[in-house]
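In: With the sequence up front, the predicted model follows.
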Amino acid sequence: MKIEYEEINGLLYPKLALSPQKEIHLTRFGRKRLQYLKQYRPIIYTNLLTSDESMNIYKDRYEANGI
């Protein structure tokens with residue numbers, strides 16, 4: 001994979017783009033869980049947000065349990 005760079009004021013910056021993200025609607029308990037992770041487990045919360053796959057698994061888990 002080749003990364004392209006853009007020169008701005010003599011410095012090279014990588015041209016990075018995120019893949020489009022789907023909007024996820026969580027229930028009350030799903031939102032509380034994310035709030036807990038954000039406050040008490042920041043590393044897990046950050047990993048969850050930066051990984052598309054993890055967020056989809058998390059959403060599917062709550063939908064399957066009817067929560």
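Out: Now that the structure is in, tell me what you want to look at.
In: Let me see the ranges of the helices in the protein.
Out: In the chain, the helices defined using DSSP state H lie at 28-40, 42-50, 52-64.
In: Of those helices, which shows the lowest average pLDDT?
Out: For the helices of the chain, mean pLDDT drops lowest on helix 52-64, to a mean of 63.
In: mind listing what residue 38 touches?
Out: Taking CB atoms under 8 Å, 6 or more residues apart in numbering, we find residue 38 in contact with residue 45. Where you see a C-beta, it was placed from the backbone N, CA and C, and this is true even at glycine.
In: So it versus residue 6, what's the distance?
Out: Counting by CB to CB, to the nearest Å, the gap from residue 38 to residue 6 is 33 Å.
In: which residues does the nearest residue to residue 5 once chain neighbours are set aside bridge with?
Out: If the residues on either side of it in the chain are set aside, residue 5 comes closest to residue 12, at 4.3 Å by CB to CB, 6 or more residues apart in numbering. Per DSSP bridges, the residues bridged to residue 12 are residue 7.
In: Hmm, residue 12 is touching residue 4, no?
Out: No: at 10.0 Å, residue 12 does not count as touching residue 4 under the criterion of CB atoms under 8 Å.
In: Would you check that residue 44 makes contact with residue 37?
Out: Yes: between residue 44 and residue 37 a contact is recorded at 5.4 Å, counting by CB under 8 Å.
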